[in-house]
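A.B. asks: Sequence and predicted structure below; questions after.
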2 protein chains.
Amino acid sequence: MDSFHEKDAKVFKALCDPRRLAILERLRSGERCACVLQEEVDIGQSGLSYHMKILCESGIVESRQEGKWTHYRLSDVGCESAIMLLRRLTTPDAQQKCDCCK
Amino acid sequence: MDSFHEKDAKVFKALCDPRRLAILERLRSGERCACVLQEEVDIGQSGLSYHMKILCESGIVESRQEGKWTHYRLSDVGCESAIMLLRRLTTPDAQQKCDCCK
DNA sequence: GCAAAACATCAATTATTCTTGATTTGACGT
DNA sequence: ACGTCAAATCAAGAATAATTGATGTTTTGC
């Protein structure tokens, strides 16, 4: 299919899993390291890592390495561009009717 | 899992498929009946019906019956509330740090 | 009432995503 | 260099979602 729709879909794929939404909700109150997130959302280590990768690749979350810890936080830029994308996708264009709608 | 996250995820599930994004894009330029959409996005009849159901159930699209035709259009209310949901999910809260972030 | 058109639904297959435990990698302290 | 801890990656299975063709439903025209 169209590659730009694939790319847009990726952002929403990051948002369409309840566990990832639970993670996002935790990050709203500030940066967190993986080990803390893991407890807060009650998930296994490899499971958290899997979901964090998806969130980071979508651009909504960014990570910061500090020694052996990884800290995650919401990305201002990523979040804002996700909102703008959604707005763009749902904003009406020029008003044209198809044939069968007169 | 938390049922409210399940419910929120549903909106984004509607948006995370490239074919559905292609459909949305078509609807931006105005209402369309299923038969026209089907041609425009090059999909089979039952496939379109499947995707339209998901879009309608998310609230982003609404449908209107006219005889044997079904017309679909973007829902102002649904689109706006999807944007507000995304904004809410990505807006930082009170700034608290977890223990290991000092 | 019958046939056809426009969709919706169903059922079977395929594809994708999620989960889980095991292994690997990289950083740190000793 | 070795052991340990934090995460990432891998691999196998389970769960979900998408595709496709067949069947069902409703409306319209005859």
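C.D. replies: Looks like it came in fine.
A.B. asks: Check whether stretch A:5-21 comes near DNA strand C.
C.D. replies: Yes: where contact is defined by CB under 7 Å from any atom of the strand, part of stretch A:5-21 touches DNA strand C, namely A:Lys13, A:Cys16, A:Asp17, A:Arg19. C-beta: built from backbone N, CA, C; applies to glycine.
A.B. asks: That stretch: which residues count as buried?
C.D. replies: Neighbour-count burial for stretch A:5-21 flags A:5, A:8-9, A:11-21 (criterion: 16 or more other CB atoms under 10 Å in any protein chain shown).
A.B. asks: ok, these vs B:Cys79, which is closest?
C.D. replies: Closest approach to B:Cys79 among the buried residues of stretch A:5-21 (CB to CB): A:Phe12, at 13.7 Å.
A.B. asks: where does that closest one land in three-state SS?
C.D. replies: Using DSSP: H, G, I helix; E, B strand; the rest coil, the secondary structure recorded for A:Phe12 is helix.
A.B. asks: isn't it right up against B:Cys16?
C.D. replies: Yes: A:Phe12 is within contact range of B:Cys16, at 4.0 Å (criterion: CB atoms under 8 Å).
A.B. asks: Identify the residue nearest A:Pro18 in space, chain neighbours excluded?
C.D. replies: B:His5 (3.8 Å; CB to CB, 6 or more residues apart in numbering or on different chains).
A.B. asks: How about residues contacting stretch A:75-85?
C.D. replies: Stretch A:75-85 is contacted by residues A:8, A:11, A:15, A:58-62, B:83, B:86-87, B:90-91 when judged by CB atoms under 8 Å, 6 or more residues apart in numbering or on different chains.
A.B. asks: Figure out how far that stretch is from the centre of its chain.
C.D. replies: Taking CA atoms, centre = their mean, to the nearest Å, the mean C-alpha location of stretch A:75-85 is offset from the chain mean by 9 Å.
A.B. asks: Next, the buried residues of that stretch.
C.D. replies: By neighbour count on 16+ other CB under 10 Å, the buried set for stretch A:75-85 is A:Ser75, A:Gly78, A:Cys79, A:Ala82, A:Ile83, A:Leu85.
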